[in-house]
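Asks: okay, predicted coordinates and the sequence, questions at the end:
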Amino acid sequence: MGSSGFSWKLPDHPKLPKGKILGMVVLDGWGEAHPDQYNCIHVADTPTMDSLKKGAPEKWRLVKAHGSAVGLPTEDDMGNSEVGHNALGAGRIYAQGAKLVDFGLASGKIYEGEGFKYIKECFETGTLHLIGLLSDGGVHSRIDQLQLLLKGASENGAKRIRVHILTDGRDVLDGSSVGFVETLENDLAKLREKGVDAQIASGGGRMYVTMDRYENDWEVVKRGWDAQVLGEAPYKFRSAVEAVKKLREDTKASDQYIPPFVIVDENGKPVGPIVDGDAVVTFNFRADRMVMIAKSLEYEDFDKFDRVRFPKIHYAGMLQYDGELKLPSHYLVSPPEIERTSGEYLVHNGVRTFACSETVKFGHVTFFWNGNRSGYFDPSMEEYVEIPSDSGITFNVKPKMKAVEIAEKARDAILSRKFHQVRVNLPNGDMVGHTGDIEATIVACKAADEAVKIILDAIEQVGGIYVVTADHGNAEDMVKRNKSGQPLLDKAGKIQILTSHTLQPVPIAIGGPGLAAGVRFRNDVPGGGLANVAATVMNLHGFEAPSDYEPTLIEVIDN
Ligand SMILES: O=C(O)[C@@H](CO)OP(=O)(O)O
Ligand SMILES: [Mn+2]
Ligand SMILES: [Mn+2]
């Protein structure tokens, strides 16, 4: 870097060569935990990952993947794909959406911002609609933030408020939706006592209504649109608590998959369709599962499904969800400014990159990796391949998912020798872990392990280097535990299945024939986390990382 200013040019690494082919594998939802029967990774046959762990102690270690290590508010915050891949790709720790929204609400700054002023223009004559995930999971949203926003909006002049809820059961225990709806109903009743006309207007389970991602299945978003905007749904109820209880019972749906419903008045009329002149806020802070609904609410030109009506509204996201598309154009809190990511640096330094996953995780190794920006930095240097995911099923039905297909694409990219970095996300441990199906998750872990083997074999053939890591835990612990780690039993004496991510660290392994002799993990970064991986990878490509990146995990010992 010249003294005159910024340069993309990275300094040469003093010891490590350039031009090696590097396979970068992210196992989604693959943490390290105590081996017992609820640790699906332990129970599953995973010879490849086992051999990495046993093989070379100086080339395998654990890194932090939750809490402050990935920019989350507290050490009780489990990791997730957004913050995990952001850290892996950006090499620095950013205060993430959850934290930025906390700050905006606590300081009141949120109410002074452009986004809030924009929606406020509708408060006099229109309704304020709040759409988002109702739980305290802290991955996509938090109910306490919704509560503060409800209070703040009413104090700032909102007279009529409608909440469109999405039930969780993925980041929190299944069945917990009832309690969250009751809490929200209490708050809305208090607002009504103060003269604010506030009600829940519609709802549905997050995986079946609204929160699809990466354009996997627009039907999911359409179901939400019909209920939230048009006031139409297959189920109609007078109360949301009743809706959630009854639909769980009658349709046997888990919280994640509750079918869409609308709340109606005594005449059977929906209480809160979205109409001209209304304001709408999507209150999730996390990006991936808000991009599609944001497009449907914002884009004049839109052909993904028939919206029937496109109301003239003032729409704001809790955050801006896509930095490249500038979507949505209005937002309540500015997102973390994740810039100068490793992907952008490497492209500027001649590193040709291939990235691949299946649809449900495709954006993780592209969009999240690149700091929540869609698209390429330089299409002549990069190729991103998406393998279509199965849609319309829960992944316990097909736990192998597209692991082999992803690995074969990676293998072909490696053997083609056209790329220096071949990066994949293997979704199985996470996507199947979220279903809570232990048997299926064991199959999933085995499938992911087999995919890793395909990639490592290809790296072996070209004399390359591999880095195998994960973005956060999930499959390694499938049961809710008490403080001392014992499985918690419910009233009927049954274990409580944990569908969510965990607080566990994740493994990182390096190796391959191209790894220079003397490379090993340093032992002076014991607290290392996912953000330390980017500098590590830059070193393995033959470069020094920028000075503001979190330190590399490796050193080169002279033999
Ligand atoms: O499915 C998701 O949206 C989250 C859990 O809420 O999982 P991940 O962070 O692994 O994408
Ligand atoms: Mn993940
Ligand atoms: Mn997950």
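Replies: Received, thanks. Numbering: from 1, shown residues only. Ligands and ions are numbered 1, 2, ... in the order given.

Asks: and Asp144, how many neighbours?
Replies: When neighbours are counted by other Cβ atoms under 10 Å, Asp144 registers 13. (Glycine included, C-beta is placed from N, CA and C.)

Asks: ok, it - contacts?
Replies: Each residue near Asp144 by Cβ atoms under 8 Å, 6 or more residues apart in numbering is listed here: Asp136.

Asks: which parts of the helix or strand containing it are buried?
Replies: Element membership for Asp144 (DSSP states H and E) is helix 143-155. Neighbour-count burial for helix 143-155, counted by 16 or more other Cβ atoms under 10 Å, picks out Ile143, Gln145, Leu146, Leu148, Leu149, Leu150, Lys151, Gly152, Ala153, Ser154.

Asks: tell me if whichever helix or strand comes after it is near ligand 1.
Replies: Counting by DSSP H and E, the element after helix 143-155 in chain order, helix or strand, is strand 160-167. No - if you take Cβ under 6 Å from any ligand atom as the test, strand 160-167 misses ligand 1, and the best it gets is 11.2 Å.

Asks: give me the mean pLDDT for the helix holding Asp144.
Replies: Helix 143-155 carries an average pLDDT of 98.

Asks: what angle do strand 160-167 and it make with each other?
Replies: Between helix 143-155 and strand 160-167, the angle comes out at 170 degrees (axes from the mean of the first three to the mean of the last three Cα atoms, to 10 degrees).

Asks: got the contact list for the closest residue to Lys64 other than its chain neighbours?
Replies: Computed as Cβ to Cβ, 6 or more residues apart in numbering, the closest residue to Lys64 that is not its neighbour in sequence is Gly529, at 3.7 Å. Residues counted as contacts of Gly529 (Cβ under 8 Å, 6+ apart) are Val63, Lys64, Ala65, Ala69, Val70, Ala87, Ile93, Glu550.

Asks: burial measure for the residue of the stretch 251-400 of the chain found nearest ligand 2, as a count.
Replies: Closest to ligand 2 within the stretch 251-400 of the chain is His364: 6.5 Å, counting by Cβ to the ion. For His364, the neighbour count with other Cβ under 10 Å is 28.

Asks: that one against Asn80, yeah?
Replies: No - between His364 and Asn80 there is no contact under Cβ atoms under 8 Å: 10.3 Å.

Asks: mind listing what's buried in stretch 534-547?
Replies: 534-546.

Asks: establish whether stretch 416-430 and ligand 1 are in contact.
Replies: Yes - against ligand 1, stretch 416-430 shows contacts by Cβ under 6 Å from any ligand atom at Asp430.

Asks: equivalent analysis for stretch 362-369, please.
Replies: No - Stretch 362-369 stays clear of ligand 1 (Cβ under 6 Å from any ligand atom), getting no nearer than 6.8 Å.

Asks: for the buried residues of stretch 534-547, which one is nearest ligand 2?
Replies: Ala534 (17.2 Å).

Asks: for the closest one, list the residues it contacts.
Replies: Ala534 neighbours (Cβ under 8 Å, 6+ apart): Leu88, Gly89, Ala90, Gly91, Arg92, Thr341, Ser342, Ala545, Tyr549, Glu550.

Asks: give me the buried entries from those.
Replies: Leu88, Gly89, Ala90, Gly91, Arg92, Thr341, Ser342, Ala545, Tyr549, Glu550.

Asks: which neighbours do His364 and Asn80 share?
Replies: Contacts common to His364 and Asn80, judged by Cβ under 8 Å, 6+ apart, are Asp471.

Asks: want to throw the contacts of Ala534 into CSV with distance to ligand 1, secondary structure and pLDDT?
Replies: Shown next, in CSV, are these (distance: Cβ to the nearest ligand atom, whole Å; DSSP: H, G, I helix; E, B strand; the rest coil; pLDDT from 0 to 100):
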residue, distance to ligand 1, secondary structure, pLDDT
Leu88, 13, helix, 98
Gly89, 15, helix, 98
Ala90, 16, helix, 98
Gly91, 20, coil, 98
Arg92, 20, coil, 98
Thr341, 18, coil, 98
Ser342, 20, helix, 98
Ala545, 26, coil, 98
Tyr549, 23, coil, 98
Glu550, 21, coil, 98
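
Asks: redo those as a markdown table? Include distance to Ser484.
Replies: As requested, the contacts of Ala534 are exported to a markdown table (distance: Cβ to Cβ, whole Å):
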| residue | distance to Ser484 |
| --- | --- |
| Leu88 | 32 |
| Gly89 | 37 |
| Ala90 | 36 |
| Gly91 | 36 |
| Arg92 | 36 |
| Thr341 | 40 |
| Ser342 | 40 |
| Ala545 | 40 |
| Tyr549 | 38 |
| Glu550 | 33 |
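
Asks: of those residues, closest to ligand 2?
Replies: Closest to ligand 2, out of all of these and judged by Cβ to the ion, is Leu88, at 10.7 Å.

Asks: so that closest one sits against Asp471, correct?
Replies: Yes - with contact defined as Cβ under 8 Å, Leu88 counts as touching Asp471 (6.9 Å).

Asks: and Gly195, how many neighbours?
Replies: 9.

Asks: can you list the residues of the stretch 251-400 of the chain near ligand 1?
Replies: So far as Cβ under 6 Å from any ligand atom goes, the stretch 251-400 of the chain lies against ligand 1 at Arg289.

Asks: let me fix that, I meant to ask about the stretch 51-200 of the chain.
Replies: So the stretch 51-200 of the chain meets ligand 1 at Asn80, Ser81, Val139, His140, Arg170, Asp171 (Cβ under 6 Å from any ligand atom).

Asks: so the last one: helix, strand or coil?
Replies: Under DSSP: H, G, I helix; E, B strand; the rest coil, the three-state class of Asp171 is coil.

Asks: list the contacts for it?
Replies: Contacts of Asp171 (Cβ under 8 Å, 6+ apart): Met78, Asn80, Ser135, Gly137, Gly138, Val139, His140, Thr499, Ser500, His501.

Asks: contacting residues around the second one?
Replies: So the one you mean is Asn80. Per Cβ under 8 Å, 6+ apart, neighbours of Asn80: Val139, Asp171, Arg286, Asp471, His472, His501.

Asks: any idea how far Cys347 lies from Lys400?
Replies: Just to correct that, residue 347 is Val rather than Cys. For Val347, the distance to Lys400 equals 33 Å [Cβ to Cβ, to the nearest Å].

Asks: so how far is Ala407 from whichever residue of the stretch 51-200 of the chain sits closest to ligand 1?
Replies: Going by Cβ to the nearest ligand atom, ligand 1 is nearest to Ser81 of the stretch 51-200 of the chain, at 3.1 Å. Ser81 is 19 Å from Ala407, where distance means Cβ to Cβ.

Asks: same check, this time on Gly104
Replies: 42 Å.

Asks: likewise Ile459?
Replies: 11 Å.

Asks: residues of the protein that sit close to ligand 2?
Replies: Taking Cβ under 5 Å from the ion as the criterion, the chain approaches ligand 2 at residues Asp28, Ser81, Asp430, Asp471.

Asks: export these to TSV and append columns for neighbour count and distance to Tyr111.
Replies: Formatted as TSV, those follow (neighbours: other Cβ atoms under 10 Å; distance: Cβ to Cβ, whole Å):
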residue	neighbour count	distance to Tyr111
Asp28	27	37
Ser81	26	31
Asp430	29	36
Asp471	32	34
